[in-house]
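> the sequence and its predicted three-dimensional model are supplied below.
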Amino acid sequence: MSRAVEEAGGKTSVNPWENPAAEPFIRIENLRKTFDGFPAVDGVSLDIYQGELFAILGGSGCGKSTLLRLLAGFENPTAGKVVIDGVDMAGRPPYERPTNMMFQSYAVFPHYTVADNVAYGLKKEGLGKAEVKDRVAELLELVQLQDFARRKPRQLSGGQQQRVALARALAKRPKVLLLDEPLAALDRNLRERTQFELMNIQDRLGITFIVVTHDQEEAMTLATRIAVMDAGRFVQVGTPTEIYEYPNSRFVADFFGAINLFEGRADASDPSRIICAETGVVIHADPLAGQTLPDVLFVAVRPEKIRLSREAPAGEGVTVMHGTVEDLAYYGNHSLYRVRTDQGKLVQVSSQNTHRSAELALEWNEPIHLSWPRDCSVVLTE
Amino acid sequence: MRRDGRSPTFLFSCLCFGFAFLYVPILVMIVYSFNDSRLVSVWTGFSLRWYGALWENEQIIDAALLSLRIAFVSATLATALGTLAALAITRMGRFRGRALFSGMLAAPLVMPEVITGLSLLMLFVSLEGAIGWPLGRGADTITIAHITFSMAYVAVVVQARLTAMDRALEEAAMDLGCRPMGVTFDIILPLIAPAMLSGWLLAFTLSLDDLVIASFVSGPESSTLPMVIYSKVRLGITPDVNALAAVIVAIVGIGVAVAGWLMARMARTAA
Amino acid sequence: MMGRGPSVALQRPERLWRRTVAGVPYLWLLVFFLAPFAIVLRISFADPLIGQPPFTPLYDEAQGIQLTADNYRFLTEDDLYWVSYLKSMRIAAVATLLCLLIGYPMAYGIARARAVWRNVLLLLVILPFWTSFLLRVYAWMGMLSGQGVVNKALLALGLVDQPVQILYTDLAVYLGIVYTYLPFMILPLYATLERLDGELLDAAADLGGRPRQAFLDITLPLSAPGVVAGSMLVFIPALGEFVIPSLLGGLDTLMIGRTLYDEFFVNRDWPLASAVASVLVLILVLPIVVFQRFSQLDREAAR
């Protein structure tokens, strides 16, 4: 669920991207960037709304960093345009854009103190000394570095350096804050804390954030919306829930966590019945509306949607398979099972350990039934 | 992408100007080595006569051979000593007098040649008076002088490689039962061999190139190539020196080309 | 383990090996580097003699220990030496500045060139070093002579009516020093500039720093170690330079290296030459310490 809805506390609130009358804050139109003929960003269009925390997600080399650099003005687009708050950014160098960036390497100036780093942008803006001082103090407090103002970057930990970079980027009160892999260099504990800090700061300042990341977990927890990128194009744009529960392709489904994929074809007479090619089992699914189904399609089912039971489950629209437990792993809060169906297909199942002693207490090589309701089958055509 | 104020055109013209500055004098010198005239700056026609004159100039040939011999011996010994010194600095931990040692090792890099030459001569003279060695001065004293100042350069090159080397390799060897001396021969030396080779080449070049120190510590019978060249050009330009310069540039050029080709081939086979 | 010294008792051959590694070069430097200095220092306090060796002995059975400061007194009294020291410093300083002005943009250009070009350009910077230093200085004799290329070019461009005297002037010495030592300026500058993180410049631009300001705020201060290292690598050897002033300079281009050489080979006054050398070493101590300090800082920064 998106956070906009949560905040509204159930009141009728329409997310801006669902409201055709809403004015987008950032418009990216058909943006292209080629390096030596190779397209890094290959015709991308996107609207981002004020106050969004937008994540661009993709593997390395998918073009997400180039896209961010195009927004910041470090690269000039080969074609297309970027409009921020109604102003076309074409030909505008980075030092004249209302965007600021938090770099992946932090790029904290090593020869300046923490305070001078934060003050840099303000001084370039021509602000008075007293004002700069106040703003720096305010920002250092925001990132809880007030006691480190006079330190040099090399005396700081990685997490502290990152907060300097954040304060520095926020100092000029940019219209858009660009974050390049903000959590990549942090260790696990710090990641979680920083993630919530970022969300808090974004809430308080109301600045539009655009985050580039390769980590789907990071994108899902942080973002209001996510654009999944591959080979310079957007594969899917949507809220974290939409992308997780309704991926539009095998690529997206696979990118977000574990998933079971079944190849099959739709029953000619009843498109809600899909005959699995590998197992011959009939998989029940909600038919896709207004779409002609290709001969070969895929059904994707998340491991946590599958139920394990000793007795054969029954019911309308429930897909059932039978197999034996080949492997099981206990993770504390949940357990992971790998079940080999009688036809030889390996299926992953995860189940929450809601009780102290698992009700099922499955053994290796135990025969078992797998089942999931029809609305958990996601039909993918590509 | 212009990020800090220097336009590519500005930089490009700076590079062009700089390289022209570095190479035009050498090219002019080579061109005039083919000049027929004895007056070096007036072009009268193409000729190889100065190369012939060079070939028949026994003084220059002898000096060149002496220089090469001194350079070979001093580079080899300087590489051995410089490598030991680099090992001592980077791998022997703290020992008594380490600060003095590293100071003495670095000082020849910045010492004016006139001082190195003068002080070594004073040493040789004093030694001769005190213990009767070295008897007079010649190729041996030049070699010792060259070893002393070029081992510092070798040490710098080898030290850089040793510092960059992964210590885990040596620790792994020791973990597998190798003793420190064995580690040096089995692990360290093979890995620093390229640095030692660069150091050797550097020492060889420095020795071949040295005029000032050799002038101080040489005897009447031993004139190195730079000394002969200097005595010729001190009085003005002579065309056979142009020819000699052209020959040296050609040798260096071929050497670099061969080295480049070898390295490219090695990189290909490694890939 | 080896780095911190062995904590376990080493067997005999190992101990011997360790002693050899450190001991042999140590001994060599003591005998052939440190001892000569002590001797020079000692001779600088002796009187010249006609004979072999041409100076009074330190110890005389009749008179005991003999030390005289006459040579140093002479250095302060005779203008020649003052003028030489000062002129050497001035020439070395100006040549260093010129090297910096030419070398900085070149190093910058190489550092910003495409990776494939970078090594080629670097090789081109180093290549002249492998050819004879003496011959490169000699090349300028030909360039700068009355009918040399430079004068021909000046005449052809109509900048002068008749050949100008450049060879055997201070200008020729400046040209010679800049020409010879330019690579020593470029290489350390290149090393710091190449290491400079491009994202820092992106960050400066992102925060509103225009290119020129970003250069002054970020690039220049961060390349300071390279500037200092390069300057010292040019200044120190230029100060004691002998070949360049003696081949390209005029009779009045009094540089201390040349004065020392003449004092030794022409006047054969060993004690005075030793005193000149001792003072030169004293002058060099400061730039050498600065150089060591900065190269150490630079090594730490590179880590």
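Perfect, I can see it now.
> quick one, what contacts the residue in the stretch 101-250 of chain A positioned nearest to chain B?
For the stretch 101-250 of chain A and chain B, the shortest gap (Cβ to the nearest Cβ) falls at residue A:107, measuring 12.0 Å. Backbone N, C-alpha and C define where each C-beta goes, glycine included. Residue A:107 sits next to A:165, C:197, C:199, C:200, C:202, C:203 when contact means Cβ atoms under 8 Å, 6 or more residues apart in numbering or on different chains.
> try it again with 10 Å
Counting by Cβ atoms under 10 Å, 6 or more residues apart in numbering or on different chains, residue A:107 touches A:101, A:117, A:161, A:165, A:168-169, A:180, C:197-204, C:206-207, C:218.
> one more: residue B:44?
B:35, B:36, B:37, B:38.
> where does it sit: helix, strand or coil?
Classification of residue B:44 using DSSP: H, G, I helix; E, B strand; the rest coil returns coil.
> how many neighbours does the closest residue to chain B within chain C have?
Nearest residue of chain C to chain B: residue C:240, at 2.3 Å (Cβ to the nearest Cβ). Neighbours of residue C:240 under the rule other Cβ atoms under 10 Å in any protein chain shown: 26.
> return the per-residue confidence for the residue nearest to it when sequence neighbours are not counted.
Leaving out its chain neighbours, the residue that sits closest to residue C:240 by Cβ to Cβ, 6 or more residues apart in numbering or on different chains is residue B:112, at 2.3 Å. If you check residue B:112, the pLDDT there is 87.
> which residue is nearest the centroid of chain C?
By Cα atoms, centre = their mean, chain C has its centre lying nearest to residue C:237, at 1.9 Å.
> isn't there a helix covering it?
Yes. Residue C:237: assigned to a helix according to three-state DSSP.
> show the contacting residues for it.
Taking Cβ under 10 Å, 6+ apart as the criterion, residue C:237 is in contact with B:109, B:110, B:111, B:112, B:113, C:92, C:177, C:180, C:181, C:184, C:257, C:284.
> how close does it get to residue C:185?
Relative to residue C:185, residue C:237 is positioned 12 Å away (Cβ to Cβ, to the nearest Å).
> in chain B, which residue sits closest to chain C?
Distances from chain B to chain C, computed as Cβ to the nearest Cβ, single out residue B:112 as the nearest residue at 2.3 Å.
> so residue B:152 is in which element?
Following DSSP states H and E, one finds residue B:152 within helix B:139-164.
> same question for that helix, mean pLDDT?
93.
> one more: stretch C:167-177?
94.
> swap in stretch B:86-103?
On average, stretch B:86-103 scores 85.
> now do stretch A:82-91
Per-residue scores along stretch A:82-91 average to 93.
> give me the distance from it to the chain's centre.
25 Å (Cα atoms, centre = their mean, to the nearest Å).
> now residue A:308: closest residue in space that isn't a chain neighbour?
In space, residue A:308 is closest to residue A:368, 5.4 Å off (Cβ to Cβ, 6+ apart).
> beta-bridge partners for the one you found, please?
residue A:323 (DSSP bridges).
> and it, how far is that from chain C?
Distance, residue A:368 to chain C, using Cβ to the nearest Cβ, to the nearest Å: 53 Å.
> list the contacts for that residue?
Contacts of residue A:368 by Cβ under 10 Å, 6+ apart are A:308-310, A:321-325, A:337, A:339, A:341, A:349, A:360, A:362.
> out of these, which one has the lowest pLDDT?
Confidence by pLDDT is poorest for residue A:360 among the contacts of residue A:368, given 63.
> give me the pLDDT value at residue C:58.
65.
> residue C:30 contacts residue B:101, doesn't it?
Yes. The pair residue C:30 / residue B:101 is scored as a contact, 9.0 Å apart, by Cβ atoms under 10 Å.
> residues near the residue nearest to residue C:240, how many?
Counted with other Cβ under 10 Å, residue B:112 comes out at 24.
> same question, residue C:182
24.
> same check on residue C:73?
Counted with other Cβ under 10 Å, residue C:73 comes out at 11.
> give me the pLDDT value at it.
Confidence score, pLDDT, at residue C:73: 88.
> what ranges in the stretch 1-150 of chain A fall below the confidence cut-off?
A:1-13 (pLDDT under 70).
> how about the residues of it by chain C?
A:69, A:72-74, A:93-97, A:99-112, A:116-126 (Cβ under 10 Å from any Cβ of the partner chain).
> so what's residue C:246 up against?
Residues near residue C:246 by Cβ under 10 Å, 6+ apart: B:212, B:230, B:234, C:137, C:173, C:253, C:255, C:257, C:258, C:261, C:262.
> distance of the spatially closest residue to residue C:172 that is not a sequence neighbour from residue C:148?
In this structure, residue C:172 finds its nearest non-sequential neighbour in residue C:248, 4.0 Å apart by Cβ to Cβ, 6+ apart. According to Cβ to Cβ, residue C:248 and residue C:148 sit 12 Å apart.
> next one: residue A:134
Counting by Cβ to Cβ, the gap from residue A:134 to residue C:148 is 66 Å.
> what does residue A:98 give?
Relative to residue C:148, and taking Cβ to Cβ, residue A:98 is found at 60 Å.
> ok, residue C:236 touching residue C:96?
Yes. With contact defined as Cβ under 10 Å, residue C:236 counts as touching residue C:96 (9.4 Å).
> ok so, going back, and the contacts of residue B:44, which are buried?
Buried subset of the contacts of residue B:44 (neighbour count, 16 or more other Cβ atoms under 10 Å in any protein chain shown): residue B:35.
> tell me which residues in stretch A:160-178 are buried?
Buried, per 16+ other Cβ under 10 Å, within stretch A:160-178: A:160-172, A:174-178.
> dump the residue contacts of the spatially most central residue of chain A.
In chain A, the residue lying closest to the centroid (Cα atoms, centre = their mean) is residue A:219, at 2.7 Å. Contact partners of residue A:219, counting by Cβ under 10 Å, 6+ apart, are A:53-58, A:211-213, A:225-228, A:240, A:243, A:255-256.
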